[in-house]
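Novice: Can you look at this prediction? I've put the sequence above it.
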Amino acid sequence: MFNLEGLIQDNSIRVVTSRQLRQECVDAQRDVYDSHRHRVFALAFYMTGNEIEAEEILTLTFVKAFREAERPHGGQVDSALVSELRQRFSLDASEPSPEIQPGAGTKAGLEDRNVRRTELEEAIQTLPASERLLFLLRDVEGYEPAAISELLQMPEAKVQRGLFSARIRLRRALAGAHNAKVHEFPATPVGTEQKAAAQDAAEQDAA
């Protein structure tokens, strides 16, 4: 005769254990999501310039990452993101144009400029997609060139050339935006407003 009570009790324990394991897995996946979602969304947004599309890429990235591994690490999440970006952009970095080859004497860094965030965001959108991603990974997210090389399956020398080209293009875009603003809103000569106010006051006193 079957021990129904024992069978039910055994099944109950298995159900509880299964639920606990499932909850632990859900909690672990939530931790993975919370740890990487801001970076993934930021990269997706800067690449697309569109919040809705960035949200879609964010979702698809984690769906892919969790399909590949139950608890994916950062590298697996990044690989899933790059896979999604490749479906939208050509990420094979092209060679820099001749006028911005390394060694041309033009400083590539942006550290010497006081750049507004909005200006930089607009300038980033002018970059070719491949250079845009290289710049975001290196200069915004702080990835080492070797890590970028591995992630994008690209020779490190090509990563460095793409970065140099991206920085030069950004400097030129920012310089162009700055010059346009200067021509649109010419600066008032120093002291002109004060002189005009003093002259108005003098005329009123004379009247």
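Specialist: That came in fine, so what should we check first? The structure displayed is predicted, hence computed values, not measured ones. Numbering: from 1, shown residues only.
Novice: what's near enough to touch the residue nearest to Arg39 when sequence neighbours are not counted?
Specialist: Using C-beta to C-beta, 6 or more residues apart in numbering and skipping residues adjacent in sequence, the residue nearest Arg39 is Glu141, 6.4 Å away. For glycine as for every other residue, the C-beta is placed from the backbone atoms N, C-alpha and C. By C-beta atoms under 8 Å, 6 or more residues apart in numbering, the contact list for Glu141 reads 39, 42-43.
Novice: Looking at these, which one is closest to Val77?
Specialist: Arg39 (8.4 Å; C-beta to C-beta).
Novice: Report the secondary structure state of that closest one.
Specialist: helix (DSSP: H, G, I helix; E, B strand; the rest coil).
Novice: Next, find the distance separating it from Ala173.
Specialist: 24 Å (C-beta to C-beta, to the nearest Å).
Novice: So, low pLDDT: which residues of this structure?
Specialist: The chain contains residues with pLDDT under 70 at 1-17, 93-115, 177-207.
Novice: now with 50?
Specialist: 1-9, 98, 103-107, 185, 187-190, 192, 194-195, 198, 207 (pLDDT under 50).
Novice: what helices or strands is the strand or helix carrying Gly176 leaning on?
Specialist: Assessed by DSSP states H and E, Gly176 sits inside helix 156-184. Secondary-structure packing of helix 156-184 (3 or more C-beta pairs under 8 Å, 6 or more residues apart in numbering; DSSP states H and E): helix 117-124, helix 129-135, helix 145-152.
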